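> A predicted structure for the sequence below; I have some questions about it.
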Amino acid sequence: MYRTHNCGELRIGDVGKEVILSGWVQTTRDLGGMTFIDLRDRYGITQLVFDMDSDAELCTRARKLGREWVIKAIGKVRERASKNPNRPTGDIEVEVHALEVLNPSKVPPFTIEEDSDGGEDLRMKYRYLDLRRPPLQRNLIFRAQLALETRRYLYDQGFLEIETPFLIKSTPEGARDFVVPSRLNPGQFYALPQSPQTFKQILMVAGYDKYFQIVRCFRDEDLRADRQPEFTQIDCEMSFVTREEVLQTFEGLTRHLFESTLGVSLPEFPRMSYDEAMRRFGSDKPDLRFGMEFVELTELVKGQGFSVFEQAELVVGICASGQAPYYSNKDLKKLTEWVQRPQIGAKGLVYVKVNEDGSFKSSVSKFFGSDQLQRWAEAFGAQKGDLLLILAGEAEKTRKQLSELRLEMGRRMGLMRSDVFKPLWVVDFPLLEWDEEAQRFFAMHHPFTAPRQSDIPHMLDGDFETMKRLRADAYDLVINGAEIGGGSIRIHDRVLQEKNFKLLGFTPEEAERQFGFLMGAFEYGAPPHGGIAFGFDRLCAVMQGQTSIRDFIAFPKNNMGRDVMIDAPSSISEEQLEELHLALREIVKKD
Ligand code: ASP
């Protein structure tokens, strides 16, 4: 037998018990005639004690144990003389009388403790050692709980968990596909699913009216801190539902997850149209943990000869409460440089400080007198001590820039608390986005998204300008400025789906070749349906107040899309290439 208890389990009530523990040696300390070992497993740490006086040979062996050796210890639980209140097992220790080394260990390349001294690359290479650390263990345990509670809730609601294939034909969700060559079909490729979108819709046609899956999705995109080439979604679809019913169901799921895992009861889930979100916050995923809403000054500031404002399509600003005293000229110059960085791209920044004596200090006081600045301050509802930050330029760009500045100010002012959760449904997204460069429309969500019911007639016979104004029956769940999930009511009729493909630049032949199976299915009694997918990794991170999803994935890829532990991707043998009809010889032969 390897263990009677785990390393996080023993308490004062167990004193006197004979126990067997197995685990990893975290530390050994020799104090005079005693040797102490902290023995660790994923449940916690228990102190083992060896006494030179009672068994010199055993104590000497214990002293030789190295970090991360795997051992089994048999002993008696006793009360500790000096207790450790920071540890659940801190009242006791185990006085060992038999010790077995189950496996020695090399000296680990970094410390395996709450905080490690290892760099990112090293920790990724030795992921199995990093995963032994308590923070990562807590994350993965949390993730497992969250998956369990997701299943519990959705099964209770009558959903069925149904698997869909990984080797499919490409589904356009806006990213590049990963492809897999087919040995049996020379020159042909499968694509890994960017999501199970078309399959879940086919399941609706097949009558499985409430489907879900916790499923891996694959997208070959350039990587960012919060992106991974493979990631997990809670993917759902429902038949005979309106948007309202979908939102209610997934608000219910979200509430259940927060309550059951964190004990947090979420506030109201407000709804905001895409247009409103852009106007008030410059973002389709506004962080509602704080206000700092946009105030438009375009009309108010014209006619004073300040050319930047005169030429601007939009002049818009935010009010940073109480910040004026903290921003010296030098700080404001730095802040201006911050918005001018290429990542933000603003031309400049106009500020107004509302001083304690009611006077103003502004970067544009040459053009605007205090009467005018007073009117600006009123538009913002500004108080003494407030700092107004204003950007100007082309409307859409300026809003995005100001949104970045709003988040930065929120961060600096400590308004993004990790223990506060503010959910929001963003609804009524545009159906199509016009791409000037490519001179074509793109689907804002994906090509299967239905327009709002009232827009259907316009979609069927409207002109170009009408198409730009079409609204989708699409929705996103946002929490604390992170997009947690997105979905839509779908098109379920062939004519409308064909029209949408046409608008998206598909020829009828292309549409038929790629999606004939789906449009064909729509001709055999497709029910009205809609659904949503939550980004599961992101949800884990947001619920834990963290930004990187990597720490919630057991084996993530690095920034180059590499798994440095197993060293993938890697080249394959000439024989494999040949089998797959990808060997140079084969290709040349074919040509
Ligand atoms: N398939 C969509 C996505 O991955 C979600 C959905 O529309 O249900 O974003």
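Received the coordinates, thanks.
> may I see the buried residues of the helix or strand hosting residue 501?
When elements are assigned from DSSP states H and E, residue 501 belongs to helix 494-503. Buried positions in helix 494-503, judged by neighbour count with 16 or more other Cβ atoms under 10 Å: 496-501, 503. The way it works is simple: take the backbone N, C-alpha and C, and place the C-beta from them, glycine included.
> outside of it, which residues touch it?
432, 441, 443, 447-448, 450, 456, 459-460, 467, 491, 508, 510-511, 515, 518-519, 522-523 (Cβ atoms under 8 Å, 6 or more residues apart in numbering).
> and after it, which helix or strand comes next?
For helix 494-503, the following helix or strand on the C-terminal side (DSSP H and E) is helix 508-522.
> ok so, going back, please indicate which of the contacts of helix 494-503 are buried?
Buried subset of the contacts of helix 494-503 (neighbour count, 16+ other Cβ under 10 Å): 432, 441, 443, 447-448, 450, 456, 459, 467, 491, 511, 515, 518-519, 522.
> dump stretch 314-324 to PDB, restricted to CA.
Extracted in PDB, the C-alpha atoms of stretch 314-324 (Å, rounded to 0.1, in the frame of the first residue of the first chain):
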ATOM      1  CA  LEU A 314     -15.500  63.000 -34.200                       C
ATOM      2  CA  VAL A 315     -14.200  64.800 -31.100                       C
ATOM      3  CA  VAL A 316     -14.700  62.600 -28.100                       C
ATOM      4  CA  GLY A 317     -13.400  62.300 -24.600                       C
ATOM      5  CA  ILE A 318     -13.500  60.700 -21.100                       C
ATOM      6  CA  CYS A 319     -13.400  62.200 -17.700                       C
ATOM      7  CA  ALA A 320     -10.900  60.700 -15.300                       C
ATOM      8  CA  SER A 321     -12.300  61.500 -11.900                       C
ATOM      9  CA  GLY A 322     -10.000  63.200  -9.400                       C
ATOM     10  CA  GLN A 323      -6.900  62.600 -11.600                       C
ATOM     11  CA  ALA A 324      -5.900  66.200 -12.300                       C
END
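> check which residues of it are buried.
Neighbour counts using 16+ other Cβ under 10 Å place 314-321, 323-324 of stretch 314-324 among the buried residues.
> what about the spatially closest residue to residue 111 that is not a sequence neighbour, distance to the ligand?
Once flanking residues are discounted, residue 111 sits nearest to residue 117: 5.0 Å by Cβ to Cβ, 6 or more residues apart in numbering. As for residue 117, its distance to the ligand is 39 Å (criterion: Cβ to the nearest ligand atom, to the nearest Å).
> again, but for residue 86
The gap separating residue 86 from the ligand is 43 Å, by Cβ to the nearest ligand atom.
> wasn't residue 203 part of a strand?
No - secondary structure of residue 203, determined by DSSP: H, G, I helix; E, B strand; the rest coil: helix, with no strand assignment.
> thought it was touching residue 211?
Yes - using Cβ atoms under 8 Å, residue 203 is in contact with residue 211, at 5.0 Å.
> overlap in contacts, the two.
With contacts defined as Cβ under 8 Å, 6+ apart, the residues shared by residue 203 and residue 211 are 162, 237.
> between those two, which one's more packed in?
For residue 203 versus residue 211, the count of surrounding residues by other Cβ atoms under 10 Å is larger for residue 211: 25 against 21.
> what bridges to that one?
Beta-bridge partners of residue 211, counted by DSSP bridges, are residue 160, residue 237.
> which ones are touching it?
For residue 211, the contacting residues are 159-162, 200, 203-204, 236-238, 531, taking Cβ under 8 Å, 6+ apart as the criterion.
> coming back round to it: just the CA atoms of the helix holding residue 501, as CSV, please.
Extracted in CSV, the C-alpha atoms of helix 494-503 (Å, rounded to 0.1, in the frame of the first residue of the first chain):
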residue,chain,number,x,y,z
ARG,A,494,-31.9,27.6,-48.3
VAL,A,495,-32.8,30.8,-50.2
LEU,A,496,-31.6,33.1,-47.4
GLN,A,497,-28.4,31.1,-46.9
GLU,A,498,-27.7,31.3,-50.7
LYS,A,499,-28.3,35.0,-50.6
ASN,A,500,-25.9,35.4,-47.7
PHE,A,501,-23.1,33.4,-49.5
LYS,A,502,-23.6,35.5,-52.6
LEU,A,503,-23.2,38.7,-50.5
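> how far off helix 508-522 does that helix point, in degrees?
Between helix 494-503 and helix 508-522, the angle comes out at 150 degrees (axes from the mean of the first three to the mean of the last three Cα atoms, to 10 degrees).
> avg pLDDT for helix 494-503?
In this model, helix 494-503 has a mean pLDDT of 94.
> do the same with stretch 291-308
Per-residue scores along stretch 291-308 average to 95.
> strands of the stretch 151-300 of the chain, start to end?
Listed in chain order, the strands of the stretch 151-300 of the chain (DSSP state E, counting those that start in this stretch) span 160-161, 179-181, 189-191, 210-218, 230-239, 271-273, 295-296.
> hang on, the earlier thing: what's the closest of the buried ones among the contacts of helix 494-503 to the ligand?
The shortest separation between the ligand and any of the buried ones among the contacts of helix 494-503 is 7.4 Å, and it belongs to residue 448 (by Cβ to the nearest ligand atom).
> excluding its backbone neighbours, what's nearest residue 37?
What sits nearest to residue 37 in space, not counting adjacent residues and going by Cβ to Cβ, 6+ apart, is residue 48, at 4.3 Å.
> contact partners of whatever helix or strand the one you found lives in?
In this structure, residue 48 sits in strand 44-51 according to DSSP H and E. Outside strand 44-51, the residues within contact range by Cβ under 8 Å, 6+ apart are 6-10, 21, 23, 26, 33-39, 58-59, 62-63, 73, 75, 80, 84, 87-89, 92-96, 99.
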